[in-house]
Each structure stands twice: as C-alpha cells, then as structure tokens.
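Chemist: starting from these lines, generate the structure:
(one chain, ligands or ions: 1)
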Amino acid sequence: MSTETAVKYVTEIPEEEVKRVAEWINTEEYKEKNFARQALVINPAHTCQPLGAELAAHAFEGTLPFVHGSQGCASYYRSTLNRHFREPAPAVSDAMTEDGAVFGGQNNLHEALENAYALYKPKMMAIFTSCMPEIIGDDLTAFIKNARQKGHIPQDFPAPFANTPSFNGSHIHGYDAMLLSILQTLTEGKQLEGRCTGKLNLIAGFDCNTGNYREYKRILKEFGIPYTFLADISDVFDSPLDGTYRIYPGGTKLEDAADSINGKVTMTLGPYATPKTFGWIKDNYSGKHVSMPAPFGVEKTDAFLMKLSELFGKPVPESLKAERGRAVDAMTDAHQYMHGKKFAVYGDPDYLLGYISFLLEMGAKPYHILCSKGTKKVEKDIQALLDSSPYGTDGKIYINKDLWHLRSLVMTDPVDGVIGDTHAKFITRDAKIPLFRFGFPIFDRVNLHRYPLIGYQGVINMVTAICNKFIDITDDTCDERHFEMMR
Ligand code: SF4
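Modeler: Residues are numbered from 1 along each chain as shown. Predicted structure coming up:
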C-alpha cells in the first residue's frame, strides 16, 4: 500500500498555464505592469524601524533593548539580527495584546520595565516601539515619567526612548532615532566648559558588518588617534565562544558615551543613517563635526584617512600607505575579471554609494541601482557619482522600488551579477547569475559579517569575492579545451 498522501488542490492550475505565466513574468510587457504597481510592495529591500533601533541599543554597554509593542514584532527583529550574526540578540518586549491595543499599553510597559530591571539587571534600557502603540498613539514620555514616579524603575535610571513607527521609514531611521535618544540621555548635563577629551567620536551608522568596526579601530590605532566608537556592536555580535554566556558582551561604555559631548571631533561615516543624530550633535557637541561617506573603495578610503590626518595633525602612517599599495595591486591583478561587467546593486544609501564607488574604480558598470527607501537627495548623490566616471554612463537609478521590480529589470535587461543581501537569491537563481552578499541581512552564508568591506582591506575582500566567483563560473561552464590551470 502506498504511504504517500494525495494532495487535492483547491484550485487546479494546468501545467501549461503555470509555464506560460513563469515565462510571461520575464517579459517587457510584464515589467511595464510591474512598474505601474502603486499600492503594493513585494519583497522590500529594507526592514522596519524598530530593528534599527534595536541594533543601536545593543551597541551600548549593559543595555537591554526594550520593545514597547507586540511580542511577534520583537521576535522578528531579534531573529533577523540573530540569524545574520549567528549570535544571541537579547531583548525584551512588554508583549502588548488586544487589551493594550484598546486601552493603551501603559500597564504592559510598567510591569515589563519592573520585571526586566529586576531580572536582567541592565545599566540602561533603550525603549522603542512597534507599529501597534504608534497607531493608537501611546505617549512614551508620560508613560516613562509615570514609571519612575511609581517606582517601577529608579528615578535616575537611564531609559532613553524613541518612537519608531514602521509605516514610516525603515531600519536606518529607527537606528537614527534610537541613537539620538541614547546620546541625548547619556550626555545630559555632561558638557564641561573648557574640557576636551582629545578624542574622535566615530559613528558608523547602521552597519551590520562587525569586521568594519574592527577595521575602523585598527586604522585609528595605526594613526594613534584616541576614539570613542559611538554605537559599537563589534564585541556584542562577534563575541568569543568560551563556554560562558554573557548577556551584555560589549558595546560603547556609558561613561565614554556621556563624555563624548566634550570630544575633539565627531565624525559620522553613515550620513544617511544618522541625519537627526548628527544634526543634534552639530548643535550640541563641542569640537569639530564632520560628515563623510563610508570609506568603500580606494578614493573614499583616501579621503577618510586624509581627513583624520588633517583633523589630528598626524601623517598617514606608512603601514596604511603600504596597505593602500597592496589594495591597488589586488585591484590591478584582478581587474580583467570585473572590467566592463554590469551589476545590479541595491541596499541602504550609505552602502549603495559605497558599492558604486568601488565598482566604478574597478571599471565595472553599476547598471540597475535600486534603493527601496530613498529620497531625491540619495538619487542626486548617486547620479553625481555615476557622472564622475565613464563607467557610470549606463547606470539607471530606481528609488523606492522593491526586489520584485529588480527581478523584472534583471530578467529583461540582463547583468553579470547582483550585489545585495540574501533576499536577492531568488532573483539570481532565476537569472542564473551570481549574488555577492555584502549587505544586511545575510542568512544563508556564514561569517561574511566578519570580513570588512571598508578601507583598503575591504577593497581586497570585495575584489577577491567577486573575481573568484566569476572565475569559478568560468571553470564550471567552460568546455574541456578551456579548462585551464591559469586564469
Ligand atoms: S512593520 Fe510593524 S508590525 Fe511589522 S514587524 Fe515591524 S513593527 Fe511589527
């Protein structure tokens, strides 16, 4: 007797119809209909605001991220971070349900604050919202004030909070809102007349590559520049496995963050992920304020190092000059595998501008450029970058489009590869082209967040990953006569 269970479909679709539609969605005709789509997003290339807020919260010493809202939403942010880093992402939620949605979430918030404070003994709780309390208009300012008055948390306990409604903005906006609130809370009353820490306050923005943080630190160490990393996730999401679980394994020291208001220089390298934070810093922090693009590629890394040199009166170290030479050598050795190749690229604006700079330097063509939460300014900045190189001439920018749009683009006007995150794997499988996973989140490969993409080392890593993949494809697809030892 057969053990197989027969499945009876509710709607039977003939095989020829499935085949016809599968082919039709690859056509120009379908692309036109797809781009006429207004009220539906399919496979967005961004996550929601609170996820960004949670990342910022994790990046401070002893800090417990606290979600005011639904348990399911909290699980989503945690599991997304957890799957990307393959590390725990401990956070709590006050688990609002139907009664909270009707009567407001103050009771949930108060009970959860008291429990979380007693159980997890944090030095700070960073509170942010999911969609539900935002829709009903919960007043966090009043709720937290009441929590202190009623003794749920001590009067002086740091509890920064941010409204992070996901129906507006994306993870980078949530990151910005939470970071701003944390810095405002910690630095309150800490500015001292005449005090200068002599340090650089470095802000990387929403960056889920722990290797990038370590690379920034290494560069600063080579220079001998003292620094405070404002929002440092490197040890939090890349902690050693030694048999002991630590709920708070790293992060920027609260004391250092508080004193950052007296810094010598504050620099953001993620201008699109920190506009509100940096705007507030410009008005409130001592010292100089510098906003620069993330140092992807040689030119942007040169600019970063020269800016450090100028600001701190120190020459660019010989060791970094030698690294630059090695990066240029790696690019030259490998340029023939990338030169003239077309790429589809998508991601957050700060990363996207970085990918494009790097591709143009390699003589590759950023061809379909998609930003699923962008502004006119992002578009203008990308266009200016494309205009700076002959390899940018054919690049077309698509703002506020999703990955289903990108699929239509790639299927009707092919490229050689896609740079993005795990979500594009369906597109690249259909198009039979490689996916270079440099963004966030990366769920389906291991350890990539440990390989820096910024600085000269980042250049070498990107060149190596991309060119070797193209060489693999040549080896896998060439005929016997052309299967060579040398490539
Ligand atoms: S978009 Fe809103 S409802 Fe969905 S996971 Fe994010 S916060 Fe929750």
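
Chemist: every contact and neighbour count from this point should use C-alpha atoms.
Modeler: Fine.

Chemist: gap between residue 385 and residue 300?
Modeler: Counting by C-alpha to C-alpha, to the nearest Å, the gap from residue 385 to residue 300 is 12 Å.

Chemist: what sits in contact with each of the two?
Modeler: Common neighbours of residue 385 and residue 300, counting by C-alpha atoms under 8 Å, 6 or more residues apart in numbering, are residue 357.

Chemist: which one's more surrounded, the two?
Modeler: Taking other C-alpha atoms under 10 Å, residue 385 and residue 300 do not tie; residue 300 has more neighbours (20 against 15).

Chemist: the stretch 351-487 of the chain: helices as residue ranges?
Modeler: 376-387, 403-412, 425-431, 455-477 (DSSP state H, counting those that start in this stretch).

Chemist: single out the most deeply packed of those helices.
Modeler: helix 403-412 (a mean of 21; mean count of other C-alpha atoms under 10 Å).

Chemist: that helix packs against which elements?
Modeler: helix 28-35, strand 365-371, helix 425-431 (3 or more C-alpha pairs under 8 Å, 6 or more residues apart in numbering; DSSP states H and E).

Chemist: tabulate the ones you listed in JSON lines, adding columns for distance to residue 405 and mean pLDDT.
Modeler: Listed next are these as JSON lines, based on distance: least, C-alpha to C-alpha, whole Å; pLDDT from 0 to 100:
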{"stretch": "helix 28-35", "distance to residue 405": "7", "mean pLDDT": "98"}
{"stretch": "strand 365-371", "distance to residue 405": "9", "mean pLDDT": "98"}
{"stretch": "helix 425-431", "distance to residue 405": "10", "mean pLDDT": "98"}
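
Chemist: TSV for these, including distance to residue 192?
Modeler: Converted to TSV, the helices and strands packed on helix 403-412 look like this (distance: least, C-alpha to C-alpha, whole Å):
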stretch	distance to residue 192
helix 28-35	55
strand 365-371	42
helix 425-431	52
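
Chemist: closest one to residue 467 among those?
Modeler: strand 365-371 (14.4 Å; C-alpha to C-alpha).

Chemist: contacting residues around the closest one?
Modeler: So strand 365-371 is contacted by 45, 340-349, 352, 356, 359-360, 391-392, 394-402, 406, 409-410, 415 (C-alpha under 8 Å, 6+ apart).

Chemist: ditto for stretch 297-315
Modeler: 223, 225, 265, 292-295, 316, 324, 327-328, 354-355, 357-358, 361, 454-456, 458-459.

Chemist: derive a ChimeraX selection command for the buried subset of those.
Modeler: To isolate the buried members of the contacts of stretch 297-315 in ChimeraX, using 16 or more other C-alpha atoms under 10 Å:
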select :223,225,265,293,294,295,316,324,327,328,354,355,357,358,361,454,455,456,458,459
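
Chemist: just the contacts of stretch 297-315: which are in strands?
Modeler: Applying DSSP state E to these, the entries found in strands are residue 265.

Chemist: how about the residues of this structure near the ligand?
Modeler: 48, 73, 130-131, 166 (C-alpha under 6 Å from any ligand atom).

Chemist: which one of those residues has the most neighbours?
Modeler: residue 130 (26 neighbours).

Chemist: which of the contacts of strand 365-371 fall in strands?
Modeler: 342-346, 396-399.

Chemist: closest to residue 478 out of those residues?
Modeler: Nearest to residue 478 among those, with distances taken as C-alpha to C-alpha, is residue 342, at 20.4 Å.

Chemist: now do the closest one: how many residues are near it, please.
Modeler: Quick note: residue 342 (other C-alpha under 10 Å) scores 22 neighbours.

Chemist: who's in contact with it?
Modeler: 364-367, 415-417 are the contacts of residue 342 under C-alpha under 8 Å, 6+ apart.

Chemist: going by neighbour count, which of those comes out on top?
Modeler: Result: residue 366 is most packed of the contacts of residue 342 (other C-alpha under 10 Å), 29 neighbours.

Chemist: picking up where we left off before, closest one to residue 55 among the helices and strands packed on helix 403-412?
Modeler: strand 365-371 (20.8 Å).

Chemist: off-centre distance for the closest one?
Modeler: 18 Å (C-alpha atoms, centre = their mean, to the nearest Å).

Chemist: and the angle from that strand to helix 403-412?
Modeler: 160 degrees (axes from the mean of the first three to the mean of the last three C-alpha atoms, to 10 degrees).

Chemist: pull the CA atoms of strand 365-371 into CSV?
Modeler: Output of strand 365-371 as CSV, limited to C-alpha atoms (Å, rounded to 0.1, in the frame of the first residue of the first chain):
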residue,chain,number,x,y,z
LYS,A,365,29.3,49.2,-14.5
PRO,A,366,26.7,49.8,-11.8
TYR,A,367,23.7,49.3,-14.1
HIS,A,368,20.5,48.8,-12.2
ILE,A,369,20.7,50.7,-9.0
LEU,A,370,17.8,50.3,-6.6
CYS,A,371,17.1,51.9,-3.2
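
Chemist: sheet partners, orientation included, of that strand?
Modeler: strand 342-346 (parallel), strand 396-399 (parallel) (DSSP bridges).

Chemist: contacting residues for residue 418?
Modeler: Residue 418 touches 343-345, 424, 428, 433-436, counting by C-alpha under 8 Å, 6+ apart.

Chemist: closest to residue 216 out of those?
Modeler: Of these, the one sitting nearest to residue 216 (C-alpha to C-alpha) turns out to be residue 436, at 22.6 Å.

Chemist: who's the closest residue to that closest one other than its chain neighbours bridged to?
Modeler: Spatial nearest neighbour of residue 436, excluding adjacent residues (C-alpha to C-alpha, 6 or more residues apart in numbering): residue 419 at 4.7 Å. Going by DSSP bridges, residue 419 is paired in beta bridges with residue 345, residue 436.

Chemist: for residue 413, give its distance to the ligand.
Modeler: 32 Å (C-alpha to the nearest ligand atom, to the nearest Å).

Chemist: and what of residue 183?
Modeler: Distance from residue 183 to the ligand, by C-alpha to the nearest ligand atom: 23 Å.

Chemist: could you dump the ones in strands among the contacts of strand 365-371 to JSON lines with pLDDT?
Modeler: Shown next, in JSON lines, are these (pLDDT from 0 to 100):
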{"residue": "342", "pLDDT": "98"}
{"residue": "343", "pLDDT": "98"}
{"residue": "344", "pLDDT": "98"}
{"residue": "345", "pLDDT": "98"}
{"residue": "346", "pLDDT": "98"}
{"residue": "396", "pLDDT": "98"}
{"residue": "397", "pLDDT": "98"}
{"residue": "398", "pLDDT": "98"}
{"residue": "399", "pLDDT": "97"}
